[in-house]
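K.L.:
I would like the atomic coordinates for the input below:
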Amino acid sequence: MSQYAVYIRTKEGAIERTQNVICGFPHISQAQYGSLAPYVHEEPLKGFPESVVLWARSIGPTVGIAPLGARANLGDHIPAA
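P.N.:
Presented below is the predicted three-dimensional model:
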């Protein structure tokens, strides 16, 4: 089962890694990105344990998820929009 760290981005653009972890992710068959919907906006991370986060929104304050220990680019797993 996949595990994801929860991240928060403030309206000022600051990124914070929370203590929360989500296990698994329900499959959303009607969504373009399947089980990762609505987290489709990929951003590289620096200075955090994970190297990439997927945001629910491309800009502004939002919540994101990052596969625990992710070291590779997730672009290989997400279809192009």
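
K.L.:
now residue 11: how far from residue 59?
P.N.:
As judged by CB to CB, to the nearest Å, residue 11 and residue 59 stand 10 Å apart. (C-beta placed from N, C-alpha, C; glycine too.)

K.L.:
which residue is the nearest non-sequential neighbour of residue 6?
P.N.:
residue 20 (4.1 Å; CB to CB, 6 or more residues apart in numbering).

K.L.:
quick one: average pLDDT of whichever helix or strand the one you found is part of?
P.N.:
Following DSSP states H and E, one finds residue 20 within strand 15-23. For strand 15-23, the mean pLDDT works out to 92.

K.L.:
cool, and stretch 47-61?
P.N.:
The model assigns stretch 47-61 a mean pLDDT of 94.

K.L.:
in it, what's buried?
P.N.:
Residues 50, 51, 52, 53, 54, 55 are the ones in stretch 47-61 that count as buried (16 or more other CB atoms under 10 Å).

K.L.:
my guess is the second one contacts residue 45. True?
P.N.:
So that's residue 51. Yes - using CB atoms under 8 Å, residue 51 makes contact with residue 45 at a distance of 5.7 Å.

K.L.:
so what sits against both of the two?
P.N.:
Residues touching both residue 51 and residue 45 (CB atoms under 8 Å, 6 or more residues apart in numbering): none.

K.L.:
list of residues touching the strand holding residue 20?
P.N.:
1-10, 45, 48-50, 53, 65-66, 68.

K.L.:
so residue 62 versus residue 20, what's the distance?
P.N.:
15 Å.

K.L.:
the two - which one has more neighbours?
P.N.:
Legend: neighbour count by other CB atoms under 10 Å for residue 62 and residue 20, higher for residue 62 (17 against 12).

K.L.:
tell me the bridge partners for the more buried one.
P.N.:
residue 9 (DSSP bridges).
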